[in-house]
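*Asks:* 3D model of this:
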Amino acid sequence: MGPDEWDGREHPGGHGERPRIPSPRPAAEDRGPLPDAPPVPPASFAELVGDATTGLPHGRPEPGPGADPGAAREPAPDPPHDVDPEYESDDDPVTDDDRDPRHHPPLPAPGGTPPHKVLKSLLGAWALAACSPEETAAVEEHLTDCAACAEEALRLRDAVGLLHPADSLDLDPLLRSRVLEGCLGRRPARIPVPEWATPYDAETAKLDALLRDMGEAEWRAPVRLRWFDGERPVERETTVGGVIGHLMAVDGLVATALGLPDPLGAAAPSDTPSPRRRTEAYWRTAGEETGPRGVHDPWREQSQALIRTVSFAGRGAAELNVPYGRFSLALRDSFLDRAFECWVHAGDIAEAVDYPYVPPASGHLHLLVDLAARLLPVALADRRRAGLAAPAQGLVAAGAPGRTLHLEVEGNGGGHWYIALDSPAALGSPECTVAHIALDSDEFCQLAAGHISPEETAVGQDGEREAIRDVLFATAALSRL
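*Replies:* Numbering: from 1, shown residues only. A predicted model of the protein is given here:
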């Protein structure tokens, strides 16, 4: 049997009982001035008279033979403790003085300064910034006068700096994509989402998570929409509900092309309107102060319906034509366009409600940048017909290489693109490069969204200045409401 096991024989006072290890007793003067002796209660008549036979007070033992009856009797000493010093306890014993409230140090009066012992006990909480304002003020005032506590406080503050920093309670916005990628890597989906639709799926899910975290009042927060209208930047203020209504109205172009219901219903214009006209029609009908229930759920249901429809439609749906008023896009490019606008306007909402927001995943961002780069030759031709760009310097046959600008986008989602300058039908070629620009992917996307003007864009450039200017302005012209 080990030394810490109990065999049932160690009863108090019995054979085998272990010696009780007492704690060292503090000196009386360590607890401050000694208290006044309590008053002695008056003795009863029987105690004063004593026993009739012995003449001693009641309860007093009779002295032994030869003892001096008048001698004072001292109290019996404590029994000896045969305990090794290594087993002695360092804890203060609980004595009658500790239980007597008269022996405790007086509490400070309201508004007074707490004693040193109390202030020292607060140093740990003060280092963790867990004190109340009153306690913090008292501790910091004490630290100016007490060098020992100031040194201890400095050590505690240094220790706090070694603790693990507080993590954000918000989930990683890329968590959903990683989980789905891991699941699909183990067991591919029976009906997969097309690759060109995954950016839209991811960005609508991120925006949905942001909207679910917002309160009723935040839905009415003012949001500033910005785009580039041909020659100058344009702004319009709306609300969070107005932005979601705008996204739903423009997504309706894709929905109707796939045979899904138009979210505008009877309010939809009869012809094939531009995204701006559809948005204004929705705002007139539903208003821009729409609450979360009036627009969030319909928008999310529509985006999920779009993903389900293209997933079941098969490969042939990728080239389906989606009209945008003055121009049209293939369905695959239309989904990338809607993903880009969803990300841009989600950033506008996050900025309005002071919420962090991250860009798309690198692979998704590359697809969005690639769409903008492929649209630049058409945007250049449109601006040239409107007299906003320099005339073409040399027309070539369709598919033949012509004057080219080398577009280098750095960072996540970046790459190299060769933009035909004189005709959308020409082929961009490294051998025909007359200008080269380089800029960050975020800077390029902000320019394509109309959030910054061409003059403000941080871009490295080399070659023909006129070609560089035309491409930067054509990039900004890709933006719209």
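*Asks:* Excluding residues flanking it in the chain, which one is nearest T204?
*Replies:* Sequence neighbours aside, S303 is the residue nearest to T204 in space, at 4.2 Å (criterion: CB to CB, 6 or more residues apart in numbering). For every residue, glycine as well, the C-beta is placed using N, CA and C.
*Asks:* got the contact list for the one you found?
*Replies:* Y200, T204, D208, D251 (CB atoms under 8 Å, 6 or more residues apart in numbering).
*Asks:* For it, give its distance to Y200.
*Replies:* 7 Å (CB to CB, to the nearest Å).
*Asks:* Next: G463.
*Replies:* G463 is 35 Å from Y200, by CB to CB.
*Asks:* can you check P115 too?
*Replies:* 66 Å.
*Asks:* So which of these two has more stuff around it?
*Replies:* Y200 (28 against 13; other CB atoms under 10 Å).
*Asks:* and the more buried one, what does it touch?
*Replies:* S303, L306, I307, F335, L336, R338, A339, C342 are the contacts of Y200 under CB under 8 Å, 6+ apart.
*Asks:* Was I right to think C342 contacts I244?
*Replies:* No. With contact defined as CB atoms under 8 Å, C342 does not count as touching I244 (10.1 Å).
*Asks:* helices or strands up against the host helix or strand of R176?
*Replies:* Per DSSP states H and E: R176 is located in helix 175-186. Contact analysis of helix 175-186 by 3 or more CB pairs under 8 Å, 6 or more residues apart in numbering; DSSP states H and E lists helix 198-212 as its packing neighbours.
*Asks:* In whatever helix or strand comes next after the helix it packs on, which residues are buried?
*Replies:* Next helix or strand after helix 198-212 toward the C-terminus (DSSP H and E): strand 222-229. The neighbour-count check on strand 222-229 (16 or more other CB atoms under 10 Å) flags V223, L225, R226, W227, F228 as buried.
*Asks:* Make CSV out of those and add pLDDT and distance to E455.
*Replies:* Below are the buried residues of strand 222-229 laid out as CSV (pLDDT from 0 to 100; distance: CB to CB, whole Å):
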residue, pLDDT, distance to E455
V223, 94, 25
L225, 94, 21
R226, 94, 15
W227, 93, 16
F228, 92, 11
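*Asks:* Just name the closest of those residues to P359, please.
*Replies:* Proximity to P359 was ranked across the buried residues of strand 222-229 by CB to CB; first place goes to R226, at 17.3 Å.
*Asks:* any chance of the buried residues of strand 222-229 in JSON lines, with distance to P401 too?
*Replies:* As requested, the buried residues of strand 222-229 are exported to JSON lines (distance: CB to CB, whole Å):
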{"residue": "V223", "distance to P401": "44"}
{"residue": "L225", "distance to P401": "39"}
{"residue": "R226", "distance to P401": "36"}
{"residue": "W227", "distance to P401": "33"}
{"residue": "F228", "distance to P401": "30"}
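*Asks:* top strand in the chain by residue count?
*Replies:* Longest strand in the chain by number of residues, with DSSP state E as the criterion: strand 427-440.
*Asks:* thinking again about what came up before, who wins for most neighbours among the contacts of Y200?
*Replies:* F335 leads these on contacts (other CB under 10 Å) with 27 neighbours.
*Asks:* did I read that right, W417 in a helix?
*Replies:* No. Applying DSSP: H, G, I helix; E, B strand; the rest coil, one finds W417 to be strand, outside a helix.
*Asks:* contacting residues for it?
*Replies:* So W417 contacts D370, A373, R374, H406, L407, V409, G428 (CB under 8 Å, 6+ apart).
*Asks:* Report the angle between the helix or strand hosting the third one and helix 198-212.
*Replies:* Element membership for R374 (DSSP H and E) is helix 362-385. Put simply, helix 362-385 runs at 100 degrees to helix 198-212, going by axes from the mean of the first three to the mean of the last three CA atoms, to 10 degrees.
*Asks:* Which other helices and strands does helix 362-385 contact?
*Replies:* helix 198-212, helix 331-352, strand 401-410, strand 415-420, helix 441-448, helix 465-476.
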